[in-house]
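J.: Output the structure for:
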Amino acid sequence: MRKITLLFISCTLSCILLATNHNVTTVGNTFSPANITINQGDTVTWTNGGGFHNVNATQTTYPNNPEGFGNSVSSSSWTFQHIFTIPGTYDYQCDPHTAMGMVGTVIVNSVSLTPSDLTFTAIMDLTTPSAGNTGKAILLTANQTISDLSIYGFGSATNGGGSDGQEYTFPAISINAGQHIIVCRDSTVLSNYFNGCLEQFAGALYPNLIIQSSSEPTGNGNDAYELFENGLVIETFGDITHTYGSNYPSIPWGYRDSWAWKDTAAANVGNWVFGGDNCTDGSTTIQTSNCPFPLCGSAPPLVTYNVTLEVNTASIYQNGGSVGPNGMYAGGGFVGDAMGLQLTQNTTDTLKWSGVATVIAGSSPNYYTFLNSPSNGGDWGAKENLAGLPCGDPSNYNDRLLPNIFSDTTLQHCFGSCETDGSCPPPPTSFVDITFTLNVSSIIQLGGSIDSTGMFIAGGGNFGNPGDNPMTDLGNGVWSFTVNKPIGFTSDYTFTNGNSGWGAKENISGLPCAVPPYDDRNLAPVYSDTTILHCFGTCDYDGTCSSVVLSGNEFLLKGILAVDLPSSSGKAIHLYADQPINDLSIYGLGIANNGGGTDGQEYTFPNVSVNSGDHILICRDSLQLSNYLSADCFAKFSLVIEDGAVNQNGDDAVELFKNGSVLETFGDPNVDGTGEPWEYTDSWAYKDTSGNWIYGGVGCTSGFSTSDSSSCPYPLCDYSTPPTGIENNLGNIKIYPNPASNIIHIQSVVNIDEIQVLDLVGREVLIFRPNRKNFVIDVNGLNKEVYILRYTSNGKFSKSKKIIINR
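T.: Below you'll find the predicted structure:
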């Protein structure tokens, strides 16, 4: 704590009434008037009438001055004000023009001092635990009985910018002589911070009058205050005008995150004492801060006791587990994080572990728990499971509640149980097999993939951390884990996709099967061999994932092709339906050429429906592209549309639209793709199962007539088994135009025995028996709809294609 005598205060616990302001102006290179005589308590205001001037009355320049003051040299229209509270003669000068005789004198006459009925006693800008303005307050003292306090008020002078006038007026109430008044922003927070001292200071005759204001006081640690009576300043704290700015440590009267108090000690009475810059930061009460308030005193030393926390781990072994390699810990609540207190194994009874924690006498509530081999301070999955037990508080993470402690104490526990005598329940006499099966199709449906390390069960204090309990892959998207546990076993648990940590756990937050505090699942007590079916991330318990809600886009860009084929016939866009779509015409495409920005929607899909999992291809030449990809690969497309709108080069971005708005973008419409990571010139770009784009490599199809012979086979295609026979050749058929109006051309490499035209419910509308490879069918009589074209060869091999009649 530091003490500074501020010579600008009025006098001992009082101010001078009826003070006068005197004006001095710079005129040319002179002060006018240069020599004045004033009374103690009067104010002099200097005004720059023009020129490069200042006022310098510092004791460095004039050591005989009773006090020093001054401002910086400036040519602006400045004013400088000083209140003269000490009698004597003050010399001053203008530094640039002293040699030209620009000097002055102020003679201050002593006057009879009349104590003010109300005076400043303390200025506060404290840092309370609630932060904000809650620690701002002003303490005043009534020297006489005041019948109407409303004739008084105060205001703060912000950042040394001069007086802001009276900003707060006291209410019309009376107050006794010797009584303190506190004006604060938050009386509850300030009372808690003063810890019982605020309401009446020790030795005070009366309780303090505490007034809460929503707007005052506002002063920060560099703002002066003025006390007003009937609109006139009767006392000032700090410099109303100053140039310290926010350089708090250099302000003699600064009180940032601290307080200023008018001393009452005989040797220093009436002088201001300061707590010190930032002295209340990080404290919970004024008594425990680095600057206890003088009227409150220091806080008494805290009384603490040692609590030995002992836990019996027999229950862990009885349930088929063991203490992990990191040993046992106590944590949570007053102990700390998951590794707050490391326990030591008893050398005689090795099932018991203990450690000593410190607790403040009589403090409550204090919570804690035990953990089996936590891996880090946040590993709460290793904690004991007390859910549903009387010693677990469901409103505090099912932790234990420490009783009030008034002496050094040893508390005995059983891990995961409520015994208090150091014992654990007897081991179970019978066990049950509990099998957890997990359907992971939800992960795939949502565009994810199974981690290479597999699936795991974890958590609940019984199933460890991710990676401790791997599940077995049964195939077909189902995983399984079986554990042998005592009859009546219950626990929380969760599933993780991989062993990378808790970030890999399923998210069932907000679903009915999620239980607090970690949104895990809960296993009810099991009394017989049981199999429980699950779906990752849902509450389906029938082995399906029927409640999966597919988020995001149901129609996706899957591939962008600019394959090196003649006449631009290798240009195509590959799309994928992630969900059934009844009307494809709400979607469209646009090509952003050469980084010139979006061209908007340039193509609209026909009004047709597609199924979930359908691959759709829009291309310039289906026959050429079929020959390139192979008939088998081409047959994977449920809908093939020929249209010249697919005119992208390998440096053009592609936009997918839905209802006229951009749904997905490949590349950057505002960037020419040449040399960019996403360039696909004479190549392709393809979205893999994880949703990431992969690339064939620029020029990788140049000079190759088929995809499988190139250095970059298209990823959709499987070239591991070469196509053979009529069945595969049936896929190598060209049907155009599609959409069609009157005539459909069919070109095949094998004879087509029969062609059926079916409507979407499977009814035959037309039938043709051409028995040739190349022919034309007349569809002029068909309605404007979507149909299925089924073609057969050799009496038994058949394929189907969708065709669109659009006229």
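J.: tell me the strands in the stretch 651-800 of the chain, going along the chain?
T.: Defined through DSSP state E, counting those that start in this stretch, the strands belonging to the stretch 651-800 of the chain, from first to last, are 653-658, 661-666, 684-687, 693-695, 733-736, 743-752, 754-758, 764-768, 772-778, 786-793, 797-804.
J.: so which of those is the most packed in?
T.: Using mean count of other C-beta atoms under 10 Å, the stretch among the strands of the stretch 651-800 of the chain with the greatest mean number of neighbours is strand 684-687 (a mean of 22). (C-beta placed from N, C-alpha, C; glycine too.)
J.: Using PDB, write down the CA coordinates of it.
T.: The C-alpha atoms that make up strand 684-687 are tabulated as PDB, following Å, rounded to 0.1, in the frame of the first residue of the first chain:
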ATOM      1  CA  TRP A 684     -11.500 -36.100 -63.700                       C
ATOM      2  CA  ALA A 685     -12.400 -35.100 -60.200                       C
ATOM      3  CA  TYR A 686     -14.300 -37.600 -58.000                       C
ATOM      4  CA  LYS A 687     -15.800 -37.300 -54.500                       C
END
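J.: For that strand, which strands pair with it and how are they oriented?
T.: As defined by DSSP bridges, the strand partners of strand 684-687 come to strand 555-562 (antiparallel), strand 693-695 (antiparallel).
J.: would you list those strands in TSV and tack on distance to Tyr168?
T.: Written out in TSV, the entries for the strands paired with strand 684-687 read as follows (distance: least, C-beta to C-beta, whole Å):
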stretch	distance to Tyr168
strand 555-562	64
strand 693-695	64
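J.: quick one, which of these is nearest to Cys633?
T.: strand 555-562 (11.7 Å; C-beta to C-beta).
J.: can you tell me the average pLDDT over the closest one?
T.: The average pLDDT for strand 555-562 rounds to 93.
J.: and the next helix or strand after that strand, what does it pack onto?
T.: Once strand 555-562 ends, the next helix or strand along the chain (criterion: DSSP states H and E) is strand 571-577. Contact partners of strand 571-577 among helices and strands, from 3 or more C-beta pairs under 8 Å, 6 or more residues apart in numbering; DSSP states H and E: strand 555-562, strand 615-619.
J.: Residues touching the longest one, excluding its own?
T.: When you say that, I think you mean strand 555-562. By C-beta atoms under 8 Å, 6 or more residues apart in numbering, the surrounding residues in contact with strand 555-562 are 570-578, 581, 584, 587, 615, 619, 625, 648-650, 654, 656, 658, 663-664, 666, 680-687, 714-716.
J.: now swap in the shortest one and tell me
T.: Residues from elsewhere that reach strand 615-619 (C-beta under 8 Å, 6+ apart): 558, 561, 569, 571-577, 584, 589, 603, 605, 610, 625, 636-643, 645-646, 716.
J.: Note down every partner strand of that strand and its orientation.
T.: Strand 615-619 pairs in its sheet with strand 571-577 (antiparallel), strand 637-642 (parallel), by DSSP bridges.
J.: what's the closest of the ones you listed to Asn462?
T.: strand 571-577 (41.7 Å).
J.: and the closest residue to Asp519 other than its chain neighbours, how many neighbours?
T.: Residue nearest to Asp519 in three dimensions, not counting chain neighbours: Ser509, with 4.5 Å by C-beta to C-beta, 6 or more residues apart in numbering. Number of residues near Ser509 (other C-beta atoms under 10 Å) recorded here: 8.
J.: Hmm, Ser509 is touching Asp520, no?
T.: No: when contacts are counted by C-beta atoms under 8 Å, Ser509 is not listed as touching Asp520 (10.4 Å).
J.: Residue nearest the middle of the chain, spatially speaking?
T.: Per C-alpha atoms, centre = their mean, the C-alpha nearest to the average position across the chain is that of Gly503, at 15.8 Å.
J.: quick one: that residue and Asp451, what's the gap?
T.: Using C-beta to C-beta, to the nearest Å, Gly503 is found at 12 Å from Asp451.
J.: ranges for the helices of the protein?
T.: 187-194, 314-318, 441-445, 622-629, 631-634, 725-729 (DSSP state H).
J.: Indicate which one of the ones you listed is closest to Ile805.
T.: Between Ile805 and the helices of the chain, the shortest separation by C-beta to C-beta is 17.2 Å, and it involves helix 622-629.
J.: Would you map out the domains in this structure?
T.: Residue ranges for the structural domains of the chain, counted by the TED database, are given in the record as 21-109, 118-288, 304-414, 431-535, 555-709, 733-804.
J.: Going by mean pLDDT, which of the ones you listed comes out lowest?
T.: Summarising mean pLDDT across those, the least confident stretch is domain 733-804, with a mean of 81.
J.: Compute the first-to-last residue distance for it.
T.: As for domain 733-804, its first-to-last residue distance stands at 17 Å under the measure C-alpha to C-alpha, to the nearest Å.
J.: Run the chain-centre distance for it.
T.: The chain centre lies 58 Å from the centre of domain 733-804; the measure is C-alpha atoms, centre = their mean, to the nearest Å.
J.: same thing with stretch 94-114?
T.: Between the centre of stretch 94-114 and the centre of its host chain there is 60 Å, according to C-alpha atoms, centre = their mean.
J.: My read is that Asp753 contacts Asn794, right?
T.: Yes: proximity of Asp753 to Asn794 meets the contact threshold set by C-beta under 8 Å, at 7.0 Å.
J.: Show me which of those two is the more surrounded one.
T.: When Asp753 and Asn794 are compared on other C-beta under 10 Å, the one with more neighbours turns out to be Asp753, at 18 against 15.
J.: about what we covered before: from the contacts of strand 615-619, which would you call buried?
T.: Of the members of those, the ones counted as buried by neighbours, 16 or more other C-beta atoms under 10 Å, are 558, 561, 569, 571-577, 584, 589, 603, 605, 610, 625, 637-643, 645-646, 716.
J.: what sits against Asn346?
T.: Contacts were defined as C-beta under 8 Å, 6+ apart; by that measure Asn346 touches 352-354.
J.: I'd like to know how far it sits from Asn692.
T.: Asn346 sits 54 Å away from Asn692, going by C-beta to C-beta.
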